[in-house]
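Q: got a sequence here, can you model it:
(2 chains)
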Amino acid sequence: MKIGVFICWCGSNIKNMVDVERVAEATGKMPHVVYTQDVQYLCSEVGQSDIGNAIDEHQLDRVVIGACSPRMHETTFQQLMNRKGLNPYYVEIANIREHCSWVHTDKAKATVKAIDLVKKAVAKSYYAVPLHAESLPVNKRALVIGGGIAGIQAALDIADAGYPVDLLEKESSIGGKMAQFDKTFPTLDCSACILTPKMVEAATHENITLHTYSELEDVSGYVGNFHVTIRKRATSVDEERCTGCGECVTKCPAKVDNEFDQGHSKRKAIYTLFAQAVPNKPVLDRKNCIYFKTGKCGVCKKICPTDAINYEMEDQLIENDYGAIIVATGFELNEPTHLGEYHYGHHPDVITSLELERMLNASGPTQGKMYRPSNGKEPKRIVFIQCAGSRDRHDGNSYCSKVCCLYTAKHTILLNEKFPDTESYVFYIDVRTAGKNYEEFYERARQMGANYLRGHVSKVEPLGDSDNRLLVRGYDGSLGEQTEIEADLVVLATSIEPQQGAKKLAGMLGISSDRNGFYSEAHAKLKPVETQTQGVYLAGVCQGPKDIPEAVSQASGTAAKAIVLFNRGQVKGVPTTAMVDEELCSGCMQCKPVCPYEAISQEMITERAHGKARQRPVASINRALCQGCGACAGLCRSGAMDIGGFTGRQLLAEVDTL
Amino acid sequence: MLGYYPGCTVRAQKEDGFEQESLAILAALGIKAQELEEWECCGAVYPMAQDEYVGLLASVRALNQTEKEEKDGLLTLCSACYHVLKRVNVRMKNDEEAQKRVGNYLEMDYKGQTEVYHLMEVLRDMVGMNSLKEAVTEPLKNEKIASYYGCLFLRPQKEINLVDGENPQLMEDIVRALGAEPVTYPYSTDCCGSYHTCQEEGVSRQMSLKLVESARRAGATQMITACPLCKYNLEKCQESMEKEEKLPIHYMTVPIVKAMGGMKTLERKGEAHAYSAENSSQSSA
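A: Numbering: from 1, shown residues only, chains lettered A, B, ... in the order given. Purely as a prediction, here's the structure:
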């Protein structure tokens, strides 16, 4: 056994707090260590060739590296080992940056700790065994969950590369939130005009299958081989027969609040989500249907020229296999009723930005006319309140919703263009305009006459006058004094929040969420579209607030990941999984219930004892499912279970060196 | 039977009728309340320091006394007493350290069992707005009444939890039940200036005047409150005005008494309630 130890300076990151030469010197005295070196940047080409040369020159068979976290560069060094014809699991990394130099301020003590960390790694490498990854076939079909702009973009990119994609959407039409918007910042492109062609393209693409009005029921399997059950909710309308003539919608007598218009218009119980819906076929909302509530009516069935209405239709379960899953489930907007000081829900003229967006939309409930919900009159003075529920540790979400500054600037511009005699006031904490052409856009809003007031609003309350106007009381930080504005309409920039079902979906997919409920990417910098579960990728706002171009580029990123996976056709499994020593295993199967990935099953083996062959149960690991968490190894009472690369022997050796 | 806690201010200002009217209203509506055998000042200000326990003692004595007398809760009229008693009670319910220290000192085991009620809470939860409406014999058709809660009933919302602190409607509901029109006016949840009146009178005058003028602009014919200090401040700020310019400031009991037919009628009704209750308890015995 010949071990080489390499200590990285990481420029000044490690060297300033750890005496790297002393670390190299101290570890060089350990048994089997035949070579030590400290290098300025180990991950650089120079550093790697230093390691390579030392391997050749000193016939090293194991390499120990003291550097940054293995999460940064383990693969880099494993590939180097591969190139040198050594097993990649013969490289061991001691994290002397994140775990040492970055978090300490006393160089002498930090050096002692770094020596210990590297010594541990050397001891661990004594008992390293070569590990080999298995190759698994990949099912070249992708599932995209969520049919908003991110989901549509991901589906189109994968489909264009020639692979089949299923696009899942819980509403009756794809399009998502973007379909509700009027214009988009900073170009003021009409949202529908740029979105609907993509919706149509997705629907007509030969490689894309749409599943609207559908939800994810169950997911099992692993990268390359996900088995998914989709629940297609009963629309009560036979898709094959329906021509989308809309006769049923016209005649349906049941009217309910239209969610798409944020309650500013009515829709029927049988309805299409919006005029340009894709697929443009109605669904029957059974909760509000008179026939389903009372057993009487049936107008839609009587009137349908193609006999497409089917009240007996049931939910359908569709099962399919996929190689990759893209999560693009989007967001919800916070309902600001908990912010009592803004009077939302108590006064009809306090509305949310999305409600304003619908009003401004030419195909919205008012055909683009502004009105005060209380009396229908056109508002003359509008006050916008930013961060309603965002950047608020006490009564809301601590994070920034990112898009509100820009869409509010957009609203003031649109109002100024369409209704030149309206006055806009914007209360803000900061205006954040990081993004191409965003600052210029904000500048344009101000130049067009929007009044920006830096400060919080303390209270919105009814003025008690005959017009039922509102008094907005706040603080104007530029003047350093309290200010009051009498307003016709108050618009709240509500906070972006994860979908309500986000947690449940995360559980099904085995991905994690951050403290705010947004899905966590595998690495904040270098793996922004991957998740901790291989083969599951994140696109759009489900991962965190972002604007349309960001969501679209992230979506294309996920598509690229899926395409790479499909092109390769197979995935290398991770060899650091659980391993059973069948001779030691008693077959008690205590490990089975603790496995979070359902990777353990029972298997019968035949062994010879006293000259007789007999059958005996033992635990067996599905290495594709196993994520190497170690729950089973910690629990196994006979010591039969070990994790590749982290065997009990290796961990004990680490402890023994200290 | 509720225990009744008068509090110093209400008792000292007895002649302004708040106490007499409140008890008469409740009696007429069939709610019985009996003054605690022993009580002292609630402490007047809720102690804000985490490690200040002495300020809790007086209120805990009253709360514990209520339990000892086997009353169904503790009724109070003054907003400050209500505020202090209720917050002390919340503290005693949730803070084990306070339970221990206060308990050791007073040699009693009190863990916040007593419910604290204000007059308007009793009207809402025990009488009900419909019964109140039924008891109105002379609806106040021409009155436009501005309700002023003052801070002590509203904040902190989590502990007091009497009404929605940002958009309270309870007094307005009562006003409606009396047949009068509740006035919506800005600043209705602002502070009157409170104790500033003792040292910086200008401050409280400015704050109170803003309230009164806002209510007047919104068309109020009178303003009602349940807080002795608010009432004082709202009246004080109008001191220099001509009589006809002044907006009358009343305790909330004044319009209730009027709508229910005056004190004489109320007292008669109260006696009738007491008589029937006595008879029914005799017959059941």
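
Q: would you mark the buried spots in the helix or strand encompassing B:Leu57?
A: B:Leu57 belongs to helix B:54-68 when assigned by DSSP states H and E. Buried positions in helix B:54-68, judged by neighbour count with 16 or more other C-beta atoms under 10 Å in any protein chain shown: B:Gly55, B:Leu56, B:Leu57, B:Ala58, B:Ser59, B:Val60, B:Arg61, B:Ala62, B:Leu63, B:Asn64, B:Gln65, B:Thr66. Backbone N, C-alpha and C define where each C-beta goes, glycine included.

Q: pLDDT score assigned to B:Cys42?
A: Looking at B:Cys42, its pLDDT is 92.

Q: double-check that it belongs to a strand.
A: No - counting by DSSP: H, G, I helix; E, B strand; the rest coil, B:Cys42 is located in no strand; its state is coil.

Q: let me see the contact set for it.
A: Shown in contact with B:Cys42 (C-beta atoms under 8 Å, 6 or more residues apart in numbering or on different chains): B:Tyr5, B:Gly7, B:Ala58, B:Ser59, B:Ala62, B:Ala80, B:Cys81, B:Val84, B:Leu85, B:Val88.

Q: which non-adjacent residue is nearest the residue of the stretch 101-250 of chain B found nearest chain A?
A: In the stretch 101-250 of chain B, the residue that lies nearest chain A is B:Glu166 (3.0 Å; C-beta to the nearest C-beta). Ranked by C-beta to C-beta, 6 or more residues apart in numbering or on different chains and with sequence neighbours excluded, the top spatial neighbour of B:Glu166 is A:Gly340, at 3.0 Å.

Q: from A:Tyr425, how far out is the one you found?
A: A:Gly340 sits at a distance of 21 Å from A:Tyr425 (criterion: C-beta to C-beta, to the nearest Å).

Q: circling back: neighbours of the residue nearest to B:Glu166, how many?
A: For A:Gly340, the neighbour count with other C-beta atoms under 10 Å in any protein chain shown is 20.

Q: distance of the most centrally placed residue in chain B relative to B:Gly128?
A: Among the residues of chain B, the one closest to the centroid is B:Leu77, at 3.5 Å (C-alpha atoms, centre = their mean). Going from B:Leu77 to B:Gly128 by C-beta to C-beta gives 20 Å.

Q: circling back to that earlier point, that's a strand at the residue of the stretch 101-250 of chain B closest to chain A, yeah?
A: No - under three-state DSSP, B:Glu166 sits outside any strand and is assigned coil.

Q: run a quick neighbour tally on it.
A: B:Glu166: 18 neighbours (other C-beta under 10 Å).

Q: who touches it in this structure?
A: A:Gly340, A:Glu341, A:His343, A:Lys459, B:Gln157, B:Thr189.

Q: let's see which of those residues end up in strands.
A: A:Lys459 (DSSP state E).

Q: any idea how far the closest residue to B:Ala277 other than its chain neighbours lies from B:Lys71?
A: Setting aside the residues directly before and after it, B:Ala277 is nearest to B:Lys32 in space (C-beta to C-beta, 6+ apart), at 7.4 Å. According to C-beta to C-beta, B:Lys32 and B:Lys71 sit 10 Å apart.

Q: check A:Asp465 too.
A: A:Asp465 sits 46 Å away from B:Lys71 when distances are taken as C-beta to C-beta.

Q: so these two - more neighbours on which side?
A: B:Lys71 (20 against 16).

Q: go ahead and report the secondary structure state at the closest residue to that one other than its chain neighbours.
A: The shortest distance from B:Lys71 to any non-neighbouring residue, by C-beta to C-beta, 6+ apart, is to B:Gly3 (3.5 Å). For B:Gly3, the assignment made with three-state DSSP gives strand.
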